[in-house]
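> from the sequence below, what's the structure:
(chains A and B)
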Number of protein chains: 2
Amino acid sequence: MKKIDVCLSPELIHLYDFKDRVVVVVDVLRATTCMVTALANGVRKIRAYKDLDACRSMRNHGYIIAGERGGQKVEDFDLGNSPLSYLDDAYLGEQLAVTTTNGTLAIDKSKHAHEVIIGALVNLDAVVDYLRSQDRDVLIFCAGWKGKVNLEDTLFAGGVVAKLQGDFESECDAPQIAQMVYDRAKDDIIGYLKNASHVKRLNGFDIGDDIQFCLTPNTYDIVPVLQGQDLVLKQQQLHI
Amino acid sequence: MKKIDVCLSPELIHLYDFKDRVVVVVDVLRATTCMVTALANGVRKIRAYKDLDACRSMRNHGYIIAGERGGQKVEDFDLGNSPLSYLDDAYLGEQLAVTTTNGTLAIDKSKHAHEVIIGALVNLDAVVDYLRSQDRDVLIFCAGWKGKVNLEDTLFAGGVVAKLQGDFESECDAPQIAQMVYDRAKDDIIGYLKNASHVKRLNGFDIGDDIQFCLTPNTYDIVPVLQGQDLVLKQQQLHI
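Next up is the predicted model:
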């Protein structure tokens, strides 16, 4: 049977051997939700940067630049880290360069995987279907918050593990812990998450609509994949 | 209000500032269960060693030496890592030197805390009462398994957090994750834990009685504390 494991923080990723695996990077609030939303709304490709200046320099190459540090938009950037920016095909056909506190770091640390895909609650079931269709072991890589584990990414991981029971065998205990969190919270995700530290942190920025959007499952039926340096949709998922 | 946080793995401990806190080290299977059981059964003091040879050398200083690597007794040691060894005052008045895979490492990493105490399911409520009586913030430090998070230590942490609600405010998300695991499992701890990777690992060693003992809450009403290099009981808890 295929195997599934969960890495709850970037500080633990050195403990996992994932070079033959599909790695699912998740940063529900808000980096990977933005990526899924942008590609679902016609953005052509996304390049993720750890470094602020490297991201900024992409403006000179025709990219829209989006960046956040500590939950707030980088002042001179085109966009911050709100998935709502991309709705209604607002950046149809554009190329996007992004940098965020946790999510882009996790993508960078995953680059030696067999394949890197992007997960969020907004494409939870699409990720599950994709993983079921692949003949590969899986590692779900939670971006966390500055190295610590967080509730929303753990919840997503638990959802994937729960829905793949029967197809995948869990390794070690993190998948079971994540699944117990998901089982406990799944019927009232927003209620459980309102006490999450990241939600409290973001509440200070008056982005309740963002949070509601990020915590609503299955808005989109797509799975971004990393091809070379770019996050894209595979041919059959391309937006017309 | 006093604060409580949970560190789910020794690989994350550098993210926590605990010098003014009481740190509760937990390694349910089986290091801290052994320590609580030994002191509750009249062992006078326990010294914990990361290093096998340092532990072995204490035999020349009149110590009983107990050691485990990868779940198995170190061959030339007096004892392995079974809490049942200490029952019925088997080592009354003795001094014990111990080394284990995960638990003694966590104690070593905690040594700059205001105070280090030892927790396990066998003294869960005693730990809770002790923390409630102290005027200090708390960090629960899960020993995990070779750097990865594990279910049994997370469950213990969640039990402490759950029982201290109202007295302590949780920080970040790990306490909430641990509490969700505890809430889910508390009515059938052995049932939930039977799928834990460490239990499966130990099942290979035919120590079902050990596991049953380690997963049974509140056998003992004592709290070992680290004084200098030694784990001891405070005066009022001393075994007569």
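
> just give me the neighbour total for A:Tyr130.
Using other CB atoms under 10 Å in any protein chain shown, A:Tyr130 has 21 other residues around it. For every residue, glycine as well, the C-beta is placed using N, CA and C.

> and what of A:Val23?
28.

> which parts of chain A are helices?
Under the criterion DSSP state H, chain A carries helices at the ranges A:31-40, A:52-57, A:103-109, A:124-133, A:151-163, A:174-185, A:189-193, A:197-203, A:208-214.

> for those helices, which one sits closest to B:Phe141?
Proximity to B:Phe141 (CB to CB) singles out helix A:174-185 among these, at 16.6 Å.

> what average pLDDT does the closest one get?
If you average the pLDDT over helix A:174-185, you get 96.

> distance of A:Glu169 relative to B:Val160?
31 Å (CB to CB, to the nearest Å).

> do A:Val223 as well
Between A:Val223 and B:Val160 the distance is 39 Å, computed by CB to CB.

> do the same with A:Asp209
A:Asp209 sits at a distance of 36 Å from B:Val160 (criterion: CB to CB).

> quick revisit: the more surrounded of A:Val223 and B:Val160?
Taking A:Val223 and B:Val160 together and counting by other CB under 10 Å, B:Val160 has the greater number of neighbours (25 against 21).

> show me what the lowest-mean-pLDDT helix or strand in chain A is packed against.
Lowest on mean pLDDT, DSSP states H and E among the helices and strands of chain A sits helix A:197-203, with a mean of 72. Packing partners of helix A:197-203 (3 or more CB pairs under 8 Å, 6 or more residues apart in numbering or on different chains; DSSP states H and E): helix A:151-163, helix A:208-214.

> how about a markdown table for the helices of chain A, with distance to A:Gly93 added?
Formatted as a markdown table, the helices of chain A follow (distance: least, CB to CB, whole Å):
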| stretch | distance to A:Gly93 |
| --- | --- |
| helix A:31-40 | 12 |
| helix A:52-57 | 20 |
| helix A:103-109 | 23 |
| helix A:124-133 | 22 |
| helix A:151-163 | 29 |
| helix A:174-185 | 36 |
| helix A:189-193 | 33 |
| helix A:197-203 | 30 |
| helix A:208-214 | 23 |
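
> tell me which of these sits most buried.
The highest average neighbour count among the helices of chain A, using mean count of other CB atoms under 10 Å in any protein chain shown, belongs to helix A:31-40 at a mean of 29.

> that helix packs against which elements?
strand A:45-48, strand A:95-99, helix A:103-109, strand A:115-119, helix A:208-214, strand A:230-232.

> mean pLDDT added to the ones you listed, as JSON lines?
Putting the helices and strands packed on helix A:31-40 into JSON lines (pLDDT from 0 to 100) gives the following:
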{"stretch": "strand A:45-48", "mean pLDDT": "97"}
{"stretch": "strand A:95-99", "mean pLDDT": "97"}
{"stretch": "helix A:103-109", "mean pLDDT": "92"}
{"stretch": "strand A:115-119", "mean pLDDT": "98"}
{"stretch": "helix A:208-214", "mean pLDDT": "91"}
{"stretch": "strand A:230-232", "mean pLDDT": "97"}
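
> tell me which of the ones you listed lies nearest to A:His61.
Distance to A:His61, taken as CB to CB, is lowest for strand A:95-99 among these, at 8.1 Å.

> got the buried residues for the closest one?
Applying a neighbour-count criterion of 16 or more other CB atoms under 10 Å in any protein chain shown, one finds A:95-99 buried in strand A:95-99.

> can you tell me which two in those residues are farthest apart?
The largest separation in these, counting by CB to CB, is between A:Gln95 and A:Thr99 at 14.5 Å.

> give me the below-cutoff pLDDT ranges for chain A.
Scanning chain A for pLDDT under 70 picks out A:204-206, A:238-240.

> enumerate the residues of it near chain B.
Counting by CB under 8 Å from any CB of the partner chain, the residues of chain A close to chain B are A:8-9, A:11-12, A:15, A:145-151, A:154, A:171-174, A:176-177, A:180-181, A:183-185, A:192, A:195-198.

> one more time with 6 Å
Neighbours of chain B within chain A, by CB under 6 Å from any CB of the partner chain: A:11-12, A:15, A:147-151, A:154, A:172-174, A:176-177, A:180-181, A:184, A:196-197.

> contacts only, for A:Thr219.
Going by CB atoms under 6 Å, 6 or more residues apart in numbering or on different chains, A:Thr219 touches A:Val122.

> for stretch A:106-118, measure first residue to last.
Start to finish, the residues bounding stretch A:106-118 are 11 Å apart (CA to CA, to the nearest Å).

> can you list contacts of it?
Contacts of stretch A:106-118 (CB under 6 Å, 6+ apart): A:10, A:13, A:18-25, A:32, A:35, A:48, A:50, A:141, A:143, A:223-226.

> at 7 Å what do you get?
Stretch A:106-118 has contacts (CB atoms under 7 Å, 6 or more residues apart in numbering or on different chains) with A:10, A:13, A:18-25, A:27, A:32, A:35-36, A:48, A:50, A:127, A:130, A:136, A:141, A:143, A:223-226, A:231.

> how far does it sit from its chain's centre?
Remark: stretch A:106-118 is offset 11 Å from the chain centroid, using CA atoms, centre = their mean, to the nearest Å.

> ok, now stretch A:105-123?
Using CA atoms, centre = their mean, the offset of stretch A:105-123 from its chain centre is 7 Å.
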